[in-house]
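Undergrad: below is the sequence, then the predicted model.
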Amino acid sequence: MQAVITLDCLRWDQSLTHVNCCNIRGVEFWLAMAGEPEKHVAIAILFRDNQFLLQLRDNIPTILYPGYWAFFGGHIEPGETAEEGVWREIEEEINYSPPWLKLFKQWRNENIVRNVFYGPLTVPLEQLELNEGWDLGLGTVDEIRDGRKFSSIANQVRPIGEPHQQLLLSFIAQYADKLSDLDPL
């Protein structure tokens, strides 16, 4: 349900996180907006031989999906395009530069807009430098469907983040018979 309030002194705060209703009978009122501003991220589905590179996120309770398998990527910086952001994040997080990346989809979920790119992983895992996260590994189609994957660093099976699993299942359904490490799909 959405309510509309019309006041002659209504003004938006610059942060867009609340509305300021000033000096109604000498009292200043603040009304909270429903929801938080959208956060834009750029993430990458990197694949090789029908397997998908996953990052086991640090098990820190203050981050999204702590201790879950997810994609490499992150927040888009001010003034940066989603494509620039995904290239920067992959380089920062695993010191890798794919031969190409292509936009798979833009997916809104809760207050996050995920710009999902895909491209090939052309180097062995041992050549990647894990600069962010707890572990990395290649997830099989069966692990993606099951929603869990073993981590040798954590020495336990850890869950795959729900949005990441949904995105991978959608990607697999669309491209399963076309996956190639050589050319953009």
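TA: Right, received. Where do you want to start?
Undergrad: could you pull out the helices in the chain for me?
TA: 82-94, 141-146, 162-175 (DSSP state H).
Undergrad: out of these, which is the most enclosed?
TA: helix 82-94 (a mean of 19; mean count of other CB atoms under 10 Å). Quick note: C-beta positions are derived from backbone N, CA and C, even for glycine.
Undergrad: still on that earlier bit, and residue 133, which of the helices of the chain is closest to it?
TA: The stretch from the helices of the chain with the least distance to residue 133 (CB to CB) is helix 82-94; that distance is 7.0 Å.
Undergrad: name the helices or strands packed onto that closest one?
TA: strand 39-48, strand 72-75, strand 102-109, strand 112-120 (3 or more CB pairs under 8 Å, 6 or more residues apart in numbering; DSSP states H and E).
Undergrad: would you turn these into TSV with mean pLDDT and distance to residue 171?
TA: Output for these, formatted as TSV (pLDDT from 0 to 100; distance: least, CB to CB, whole Å):
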stretch	mean pLDDT	distance to residue 171
strand 39-48	96	6
strand 72-75	97	14
strand 102-109	94	6
strand 112-120	96	7
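Undergrad: what's around residue 139, how many residues?
TA: Look at residue 139: counted by other CB atoms under 10 Å, it has 21 neighbours.
Undergrad: just the pLDDT for it.
TA: On the pLDDT scale, residue 139 is placed at 98.
Undergrad: go ahead and confirm it touches residue 51.
TA: Yes: counting by CB atoms under 8 Å, residue 51 is a contact partner of residue 139 at 6.3 Å.
Undergrad: low-confidence stretches in this structure?
TA: Within the chain, the stretches falling below the threshold (pLDDT under 70) are 1-35, 179-185.
Undergrad: and the gap between the spatially closest residue to residue 92 that is not a sequence neighbour and residue 77?
TA: Excluding its sequence neighbours, the residue lying closest to residue 92 (CB to CB, 6 or more residues apart in numbering) is residue 131, at 6.4 Å. Using CB to CB, to the nearest Å, residue 131 is found at 17 Å from residue 77.
Undergrad: swap in residue 176?
TA: Distance from residue 176 to residue 77, by CB to CB: 34 Å.
Undergrad: equivalent analysis for residue 95, please.
TA: 19 Å.
Undergrad: quick one on the thing from earlier: ok, residue 131 and residue 77, which is more surrounded?
TA: The neighbour comparison of residue 131 against residue 77 (other CB under 10 Å) goes to residue 77, with 13 against 10.
Undergrad: contacts only, for that one.
TA: 85, 88 (CB atoms under 8 Å, 6 or more residues apart in numbering).
Undergrad: ok, it to residue 85 distance?
TA: Separation of residue 77 from residue 85 (CB to CB): 6 Å.
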